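K.L.:
here is my input, please return the structure:
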Amino acid sequence: MTRLLRSLLALSLLFLATGLGRAAAVQTVVLANGTTLVGEVIAESADHLTLKDPVLGTLNVPLSAIKSRSGSATTPTEASAAATEPEAETAVATVPATSIGGSHGAQAKAPPSGANDIHWTRSIQINIGYMSGAAPSRGIDASRNIGVNFALERATPKHIASFTGSYNHGRAKPAPAYADNISASFQYDYVFNEKYRFVSRTTAMRDRPKQILHRTEELAGIATTLVRNQKTLLMVAPGLGYSFGEKDYATDLDDKHIGFGAYQIFNHAFTPTLSLQQTFFFFQSFEDSQYLLYNGSIGLKTQLTKRMALMTTFHAVFDGQSGPGIEELQYQTNTGIQINF
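P.N.:
Residues are numbered from 1 along each chain as shown. You can find the predicted model right below:
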């Protein structure tokens with residue numbers, strides 16, 4: 001009888017130790033390119049981590065590609081929940097990507113690892129760039145500029161709220177300094193599941209070279225994630241919205257418009273430290289077919305350290321109701337340092 005009790009006690013301790021080991025083995029792994037994996041650590045060597053992701057299966061991850069690691073479960077029950085919770089697997093937070101005269105894109109960022117986790121993202125970016133002439137006929141020709149962008153985001157598996165602001169200053173020749181452009185955007189995402197989410201985005205901006213005293217744009221719709229894996233994210237969000245503003249050459253030209261539009265986001269990681277980021281936005285008025293706005297950007301992000309990245313981006317902006325002498329299409333190239341903190 002004593003021998004049986006000892007055997008049962010030893011077996012119980014073995015099950016307890018196994019359960020604790022499983023709990024400790026469930027981790028959230030954030031890669032240098034922003035991808036987040038949540039799963040059970042199967043093995044670890046001097047240069048690789050073998051992780052069993054509930055969606056992607058067994059993965060061999062180089063330790064050099066890992067930005068951070070943290071445990072996401074403390075009991076076997078929590079470990080199982082972390083591996084099967086849809087929100088923990090699929091929520092992808094978005095941070096706006098800056099473009100001329102506004103922000104209309106997003107970058108894939110690390111999602112929260114648990115149902116009650118809150119993930120904060122903060123970054124500041126300093127750019128130097130080249131801007132095409134907004135109105136060459138009026139002496140506002142191509143210019144060099146410097147800009148500062150700030151982004152802040154709070155994300156849970158279901159709710160994502162982000163704010164971004166930018167300021168650009170440029171000097172054109174032969175005209176004097178002219179570009180003191182300001183933009184600010186707020187975006188809210190409600191994640192239904194791994195494929196669909198509600199997205200609402202509001203942008204306010206001022207563009208002095210184009211004589212836009214102020215403009216506010218709002219677009220809301222249902223975003224569909226067409227591709228999402230370790231390396232690639234493709235998301236499209238068609239929707240309805242409105243635009244209103246004022247230009248100093250015609251106060252009623254850019255007054256109020258209700259229409260339709262879409263956001264499109266594409267990110268692809270070539271390596272753990274090099275990724276392509278592309279965004280596109282357009283808005284078309286129902287009442288005026290000539291009232292068409294769109295802008296897009298494409299660029300490369302090189303991760304220099306865990307907190308610092310080098311950004312090289314090309315932007316294009318079109319305004320179908322530009323004023324006399326003002327170019328409808330304008331482009332800008334930027335190179336900058338992004339710091340996450």
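
K.L.:
okay, now the sheet partners of whatever helix or strand residue 27 lives in, with direction.
P.N.:
Assigned by DSSP states H and E, residue 27 belongs to strand 26-31. Sheet pairing of strand 26-31 (DSSP bridges) gives strand 36-44 (antiparallel), strand 66-71 (antiparallel).

K.L.:
could you list the low-confidence segments of this protein?
P.N.:
Along the chain, the parts satisfying pLDDT under 70 run over 1-25, 54-55, 71-116, 172-179, 249-254.

K.L.:
pull out the buried residues from stretch 216-229.
P.N.:
Within stretch 216-229, the residues that count as buried by 16 or more other Cβ atoms under 10 Å are 217, 218, 219, 220, 221, 223, 225, 228. Backbone N, C-alpha and C define where each C-beta goes, glycine included.

K.L.:
return the subset of those residues lying in strands.
P.N.:
Of the buried residues of stretch 216-229, the ones assigned to strands by DSSP state E are 217, 218, 219, 220, 221, 223, 225, 228.

K.L.:
so what sits opposite the first one in the bridge?
P.N.:
According to DSSP bridges, residue 203, residue 243 are recorded as the beta-bridge partners of residue 217.

K.L.:
what of the last one?
P.N.:
Here residue 228 sits in beta bridges with residue 233, as judged by DSSP bridges.

K.L.:
surely it and residue 193 touch.
P.N.:
No. With contacts counted by Cβ atoms under 8 Å, residue 228 stays clear of residue 193, the gap being 11.6 Å.

K.L.:
okay, whichever strand or helix holds residue 149 in CSV with CA atoms only?
P.N.:
Element membership for residue 149, per DSSP H and E: strand 143-155. The C-alpha coordinates for strand 143-155 follow below in CSV (Å, rounded to 0.1, in the frame of the first residue of the first chain):
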residue,chain,number,x,y,z
SER,A,143,11.8,72.1,-52.9
ARG,A,144,13.8,70.3,-50.3
ASN,A,145,11.9,69.8,-47.0
ILE,A,146,12.3,68.5,-43.5
GLY,A,147,9.5,66.8,-41.6
VAL,A,148,8.6,65.2,-38.3
ASN,A,149,6.0,62.5,-37.8
PHE,A,150,4.6,61.1,-34.6
ALA,A,151,2.4,58.0,-34.2
LEU,A,152,0.7,56.5,-31.1
GLU,A,153,-1.5,53.4,-31.0
ARG,A,154,-3.4,51.4,-28.4
ALA,A,155,-4.4,47.9,-29.4
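
K.L.:
who does it pair up with?
P.N.:
strand 119-131 (antiparallel), strand 159-172 (antiparallel).

K.L.:
list the buried ones in the shortest one?
P.N.:
This means strand 119-131. Those would be 119, 121, 123, 125, 127, 129, 131, for strand 119-131 by 16+ other Cβ under 10 Å.

K.L.:
the nearest residue to the fifth one once chain neighbours are set aside: helix or strand, and which one exactly?
P.N.:
Once flanking residues are discounted, residue 127 sits nearest to residue 336: 3.5 Å by Cβ to Cβ, 6 or more residues apart in numbering. Secondary structure assigned from DSSP H and E places residue 336 in strand 329-340.

K.L.:
what lies in contact with that strand?
P.N.:
Strand 329-340 is contacted from outside by 100, 121-134, 145, 147, 149, 210, 299, 301, 307-318, using Cβ atoms under 8 Å, 6 or more residues apart in numbering.

K.L.:
can you rerun that using 7 Å?
P.N.:
For strand 329-340, contacts defined as Cβ atoms under 7 Å, 6 or more residues apart in numbering pick out 100, 122-132, 134, 307-318.

K.L.:
circling back: closest to residue 259 out of the ones in strands among the buried residues of stretch 216-229?
P.N.:
Checking these against residue 259 with Cβ to Cβ, the nearest one is residue 219 at 9.1 Å.

K.L.:
report the contact partners of the closest residue to that closest one other than its chain neighbours.
P.N.:
Distances taken as Cβ to Cβ, 6+ apart place residue 241 nearest to residue 219, at 3.6 Å, with adjacent residues excluded. By Cβ under 7 Å, 6+ apart, the contact set of residue 241 is 217, 218, 219, 220, 259, 261, 283.
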